[in-house]
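*Asks:* need a structure here:
(one chain, ligands or ions: 4)
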Amino acid sequence: MDNTVESSVDLGFIEKCSDLCRLNRCYFPSKLGGKPAWLDPKHIPSVEDFICQSCLKQMVFLLQIYAPDGNNDKAFHRTIYVFCCKTGSCYKHGDNQPIKVLRCNLPRKNDFYSYNPPDYDNLSSSEDRGNIASLCHVCGLAGTKTCSQCKVINYCGKEHQRIDWKFHKPFCVESDTELHKKPGKERTYLFSENEIIIEAEEDFQDEDKNVESNAKSKTAAASLFDENDLQEFAGMCKEDKQFLKFQRRISHEPEQIIRYDRRGKPLWCSDNFIPQASNIPPCLCGSERVYEFQIMPYLLSHLNVDTTVEDETIDWGTIAIYTCSKSCSPDVSNDKLSYIPEFAWKQTYS
Ligand SMILES: [Zn+2]
Ligand SMILES: [Zn+2]
Ligand SMILES: [Zn+2]
Ligand SMILES: [Zn+2]
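*Replies:* Residues are numbered from 1 along each chain as shown. Ligands and ions are numbered 1, 2, ... in the order given. Below is the predicted model of the structure:
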């Protein structure tokens with residue numbers, strides 16, 4: 001029997017980028033780490049929006065996915081941003097606090113980008129078009145403070161000025177402003193920067209039926225054990241089922257870091273802690289949110305987190321991202337809302 005099922009899922013993979021210009025915002029990148037490539041470069045979110053409610057430390061930019069909405073002219077350009085806390089102990093089971101999601105839309109005709117697509121064959125680093133806000137040199141959030149000596153480098157606040165000082169000090173007195181803007185070496189605050197490339201998932205074999213019959217024969221074998229063992233075994237079989245399904249599906253492409261299937265269903269890693277519709281809050285505009293993509297555990301092995309420092313071991317089974325079904329656009333009179341909050345659901349292995 002042929003159990004091949006067509007997949008509607010797109011997968012995201014990490015691609016080492018030979019030319020980091022490709023990740024400038026003018027090329028509408030999907031990317032991992034580094035600073036965010038802000039779609040709207042004028043109304044940048046500020047640091048207050050990114051304080052983890054558990055540890056009160058600032059969250060770090062994790063990734064962004066460029067995902068235009070073909071049904072909405074105002075979302076001709078559309079990017080989803082994900083930030084996360086770097087404190088391991090904030091990743092408790094059943095707690096979505098350490099993840100923060102934002103969405104930004106722009107129509108095709110806008111103040112910042114050409115109406116025509118960019119020329120991907122002739123990459124350039126120039127991206128100064130329109131009125132652009134200053135960014136923090138360390139984290140890329142709104143840089144409202146300026147180094148008082150050189151008045152060239154901006155920071156989101158005192159904390160990032162402090163951690164940047166040993167890198168910035170030698171350049172602070174230089175008059176060459178380009179030198180100032182060079183990224184400092186050995187910065188570990190940000191996750192390392194790579195492109196995310198998106199490819200369609202190939203059709204897969206649906207082996208669910210085989211699993212069910214396996215489970216049955218296991219249950220038959222279990223009749224040899226006493227009642228307690230049997231109950232424990234049954235619980236394990238049930239538990240294993242969603243986890244096995246998860247493992248089997250990703251085993252075809254084990255290096256996937258993103259599964260993208262807007263309005264589809266996430267691939268949960270466990271039977272536990274799957275959200276009900278009532279667990280997904282509506283968008284600020286009042287519309288329901290729909291599932292859009294999920295972040296996979298393989299990504300964890302690529303984050304330069306120091307696993308020898310106990311509290312830096314961040315962890316998840318999968319993170320499902322839910323976004324406004326209408327891709328609503330913000331009220332233009334409210335600058336702060338150019339980046340609209342969306343919702344993340346973190347699932348851990350049981
Ligand atoms: Zn935290
Ligand atoms: Zn900063
Ligand atoms: Zn300075
Ligand atoms: Zn909305």
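
*Asks:* would you map out the domains in this protein?
*Replies:* 4-127+188-202+254-347, 206-252 (automatic domain parsing).

*Asks:* hey, least reliable of those by pLDDT?
*Replies:* When these are ranked by mean pLDDT, domain 206-252 comes last with a mean of 63.

*Asks:* ends of that domain, how far apart?
*Replies:* End-to-end distance of domain 206-252 (CA to CA, to the nearest Å): 12 Å.

*Asks:* over to stretch 171-188?
*Replies:* End residues of stretch 171-188 are separated by 19 Å (CA to CA).

*Asks:* which stretches of this structure form helices?
*Replies:* With DSSP state H as the definition, the chain shows helices at residue ranges 158-172, 177-181, 208-222, 227-251.

*Asks:* any idea how far Arg259 is from Tyr322?
*Replies:* Distance of Tyr322 to Arg259, given as CB to CB, to the nearest Å: 14 Å. Every residue, glycine included, has its C-beta placed from N, CA and C.

*Asks:* got JSON lines for the domains of the chain, with distance to ligand 1 and mean neighbour count too?
*Replies:* As requested, the domains of the chain are exported to JSON lines (distance: least, CB to the ion, whole Å; neighbours: other CB atoms under 10 Å):
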{"stretch": "domain 4-127+188-202+254-347", "distance to ligand 1": "3", "mean neighbour count": "17"}
{"stretch": "domain 206-252", "distance to ligand 1": "26", "mean neighbour count": "13"}
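
*Asks:* of all those domains, which one is nearest Val138?
*Replies:* In terms of CB to CB, the element of these nearest to Val138 is domain 4-127+188-202+254-347, at 5.9 Å.

*Asks:* next one: the closest one, is it in contact with ligand 2?
*Replies:* No - applying CB under 5 Å from the ion, one finds domain 4-127+188-202+254-347 separated from ligand 2 by no less than 6.1 Å.

*Asks:* tell me how far the ends of that domain are from each other?
*Replies:* 28 Å.

*Asks:* stretch 244-259 now?
*Replies:* 17 Å.

*Asks:* just confirm Arg78 contacts Pro107, I think it does.
*Replies:* No - in this structure, Arg78 is not within contact of Pro107 by CB atoms under 8 Å, at 10.3 Å.

*Asks:* give the contact list for Ile132.
*Replies:* For Ile132, the contacting residues are 41-42, by CB atoms under 8 Å, 6 or more residues apart in numbering.

*Asks:* let's go with 6 Å and repeat that
*Replies:* The contact partners of Ile132, by CB atoms under 6 Å, 6 or more residues apart in numbering, come to Pro41.

*Asks:* with Leu303 instead?
*Replies:* Phe191.

*Asks:* pairing-wise in the sheet, spell out the partners of the closest residue to Asn279 other than its chain neighbours.
*Replies:* Nearest residue to Asn279, sequence neighbours excluded (CB to CB, 6 or more residues apart in numbering): Trp345, at 7.2 Å. Counting by DSSP bridges, Trp345 is bridged to Ala320.

*Asks:* can you tell me how far Trp345 sits from Val101?
*Replies:* Counting by CB to CB, the gap from Trp345 to Val101 is 10 Å.

*Asks:* and Asn72, by the same measure?
*Replies:* Taking CB to CB, one finds Asn72 at 18 Å from Val101.

*Asks:* which ones are touching the nearest residue in space to Ile295 that is not next to it in sequence?
*Replies:* Excluding the flanking residues, the one nearest Ile295 by CB to CB, 6+ apart is Ile319, at 4.2 Å. Ile319 sits next to 99, 295, 344, 346 when contact means CB under 6 Å, 6+ apart.

*Asks:* what residues are up against the third one?
*Replies:* Yep, that's Ala344 we're talking about. Ala344 neighbours (CB under 6 Å, 6+ apart): 96, 99, 101, 319, 321.

*Asks:* with adjacent residues omitted, what lies nearest to the second one?
*Replies:* Once its chain neighbours are removed from consideration, Ile99 has its nearest residue in Ala344; the separation is 4.0 Å (CB to CB, 6+ apart).

*Asks:* since that was my last question, I'll sign off now.
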